[in-house]
Structure formats: C-alpha cells, structure tokens
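**Student:** give me a 3D structure for the following:
(one chain, ligands or ions: 2)
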Amino acid sequence: MTIRIGIAGIAGRMGRLLAEEIVAAGATLSGGTIRPGAALATLPPGLPVMTDIVALCEASDVVIDFTHARTARAHALAAAETGTVLILGSSGLSVTDEEAVAEAAHRTPIVYAANFAPGVNLFLAIAERMAAALPPAQYDAEIVEMHHRQKVDAPSGTAVALGRAVAAGRGTTLEEAGRESGRDGHCGARGTGTIGFAALRGGQVVGEHTLLFAAASEHISLTHRSFDRRVYATGAVRAALWAAGRTPGLYGMGEVLGIR
Ligand SMILES: NC(=O)C1=CN([C@@H]2O[C@H](COP(=O)(O)OP(=O)(O)OC[C@H]3O[C@@H](n4cnc5c(N)ncnc54)[C@H](OP(=O)(O)O)[C@@H]3O)[C@@H](O)[C@H]2O)C=CC1
Ligand SMILES: O=C(O)C1=N[C@H](C(=O)O)C[C@H](O)C1
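**Tutor:** Ligands and ions are numbered 1, 2, ... in the order given. Below is the predicted model:
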C-alpha cells in the first residue's frame, strides 16, 4: 500500500500545489481540509474534503499543513493524538505555539520548517558560518525579505530562521541579541549586535531573502530567490516521505536534506 498523505488547507496556494506533488510522487492523496465555514472551492473531483483535522489525520499516514499560525497548535495536537506524522510549513508561530509543537513531537514525528526549499536550507547553514566569522561589534546583520501582497505575517518565517541562524553563529539567541524591526520615525541609532529585519510586500513575489553584514569598510550579502512556490511543495512531499515511519521527534528540513 502506498503512503497516504493528507493536506490541511487544500484550497490554498500551497495546498493546491501539494495535491499535485503528492500524486506526482506516487503517494495516495487521502484528502484535505478547508477552514470551517469556508466556501467549498473547486477541488479535484472525488477527493474527500472535510473541516475536521482529526478525521484527516485518521485517514492519513502523514498530514502536510500550510495553513496559518493560529491552527498550528491544534493541528500538532491532532497529529500527536492520532499518531500521524505532521509536516508543518505555516509561518508566524509565536514562541508558545512553537513550544506546543515541540511538545506534540514527543508523541509523533513532526518536521517543522520555515522554508522547504533546499537552497534556503543551505543558506541557513551558511548564514550561521558567516555570523561566526564576522564579529558583531563590526558587522551589523540586516535581513531583508520581499513577498507577494497577500502574505499576512511579517517578518517571514524564513527571515526569522535566518535571524536565529545568525544569532546561533554568534553563540547567542535571537531574543538575547535583540530584533530591530520596522524602523520608523525617531527610532534611535542601531544597536550593536542586534539583528535587523525589513519586510517588503508587493505584487506576486514568491519569496526573496537577503542577509547583509555591513561593516565600516565592507559589505557582504547573500540572496535567495524563489521563482516558483512549487519548490516548497516538492520539499514538503520529500519531507513527508522521509519522516514516515520515523521515531517521534521534532525534525527540521536540514535533517531531511542531510545538511545538518
Ligand atoms: N515553510 C514553507 O516553505 C512555506 C510556508 N508557507 C506558509 O504557509 C502558509 C500558507 O501559505 P499560502 O498557501 O500561501 O496561503 P493561503 O492563504 O493561500 O492558504 C492557506 C489556506 O489554509 C486555509 N485554512 C486556514 N485555516 C484553516 C483551517 N483551520 N483548516 C483548514 N484550512 C485552513 C485557508 O482558508 P481560507 O482562505 O478560507 O482562510 C487557505 O485556503 C503561510 O503561513 C505561509 O507563510 C508558504 C510557502 C512556503
Ligand atoms: O507566505 C509565503 O509565501 C512564504 N512563506 C514562508 C515564510 O514565511 O518564510 C516561506 C516562503 O518565504 C514563502
């Protein structure tokens, strides 16, 4: 029997691509959820569409969730209670949401990644190395991201992950280092060692992230651009096939790719 993969948020931009990629990977598309109260959109005929995440988990070996931060906690709990593998791609989770996901991962495998594109995960590893080599007293770290006008959270999950990677390279955490976001008005001079974030929104940009280290006499920057969000869908399906049958735990895309 092929692996059964369900999709939370099947009517969304990512949900629709995931449906195609699951079938292309030779897995069984077990169904999908839409938001309770949402109008039933045009979806593949014959596909079980429901609003109950527990019912989707029970019908699936793996559930892929690209919906919204506000559902992450309930979806992780449903996966834990039914022993279903969860691939979680939603961004904008609070620290307490992330703690709830980590708690659920004691009972079932969860792959949680800010970005499922292979290039971004390499970028995260390089960011950590760059930060370890460039002293924070001289090199200001700034992260700039741009996304389509429909994106509802900022800074992006990937930008936050880059910030965390920079902080880790500097032997600290993002919270300890301090975030500087959305500068406006008399915001004061930049703090030494803080990590800056700027979020641009417009058009249909799939996802662009730049990490800049700025010193008095030199700048070094690295940019990743996604041109097609299918790269996230293929990455998520790859994670689903990798995670099925693993022991419970919280995994990242770096582990799926063998990067870290
Ligand atoms: N980790 C990664 O690699 C990537 C992460 N993302 C993240 O994934 C998320 C979704 O992105 P995207 O597909 O562009 O957004 P969309 O808004 O297009 O899709 C989200 C879908 O989830 C639905 N939804 C919301 N709540 C529920 C619920 N409780 N049950 C079932 N369905 C629900 C929405 O329905 P409705 O419209 O009716 O509210 C919508 O159809 C975002 O957080 C985004 O940042 C996106 C791309 C890559
Ligand atoms: O909402 C999006 O589109 C994306 N969200 C993710 C994020 O917040 O980092 C990943 C990617 O950048 C696309």
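**Student:** longest helix of this structure, counting residues only.
**Tutor:** helix 118-133 (DSSP state H).
**Student:** counting contacts, what elements does that one pack onto?
**Tutor:** With contacts taken as 3 or more CB pairs under 8 Å, 6 or more residues apart in numbering; DSSP states H and E, helix 118-133 sits against helix 157-169, strand 207-214, strand 219-226, helix 230-243, helix 253-257. Quick note: C-beta positions are derived from backbone N, CA and C, even for glycine.
**Student:** minimum distance to ligand 1: which of these has it?
**Tutor:** Ligand 1 lies closest, by CB to the nearest ligand atom, to one member of the helices and strands packed on helix 118-133: helix 230-243, at 3.7 Å.
**Student:** which is the next helix or strand following that closest one?
**Tutor:** Helices and strands here follow DSSP states H and E; after helix 230-243, the next one along the chain is strand 249-251.
**Student:** can you list the helices and strands packed on helix 118-133 in TSV and add distance to residue 180?
**Tutor:** Shown next, in TSV, are the helices and strands packed on helix 118-133 (distance: least, CB to CB, whole Å):
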stretch	distance to residue 180
helix 157-169	10
strand 207-214	13
strand 219-226	17
helix 230-243	28
helix 253-257	26
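**Student:** which one of these lies closest to residue 123?
**Tutor:** Proximity to residue 123, assessed across the helices and strands packed on helix 118-133 by CB to CB, is greatest for strand 219-226 (5.0 Å).
**Student:** strand partners of that closest one, parallel vs antiparallel please.
**Tutor:** Counting by DSSP bridges, the strands paired with strand 219-226 are strand 207-214 (antiparallel).
**Student:** how distant is the partner strand from the center of its chain?
**Tutor:** Distance of strand 207-214 from its chain centroid, counting by CA atoms, centre = their mean, to the nearest Å, is 17 Å.
**Student:** over to stretch 101-113?
**Tutor:** Here stretch 101-113 is found 14 Å from its chain centre; the criterion is CA atoms, centre = their mean.
**Student:** also stretch 105-118?
**Tutor:** The answer for stretch 105-118 is 8 Å, by CA atoms, centre = their mean.
**Student:** what are the buried residues along that stretch?
**Tutor:** Within stretch 105-118, the residues that count as buried by 16 or more other CB atoms under 10 Å are 105, 107-118.
**Student:** one more: stretch 70-77?
**Tutor:** If you call a residue buried by 16+ other CB under 10 Å, then stretch 70-77 has these buried ones: 71-73, 75-77.
**Student:** make TSV out of those and add secondary structure.
**Tutor:** Output for the buried residues of stretch 70-77, formatted as TSV (DSSP: H, G, I helix; E, B strand; the rest coil):
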residue	secondary structure
71	helix
72	helix
73	helix
75	helix
76	helix
77	helix
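**Student:** which bits of the protein sit near ligand 1?
**Tutor:** Neighbours of ligand 1 within the chain, by CB under 6 Å from any ligand atom: 8-9, 11-15, 33-35, 38, 66-68, 71, 89-92, 113-116, 157, 229, 232.
**Student:** thank you kindly, that will do.
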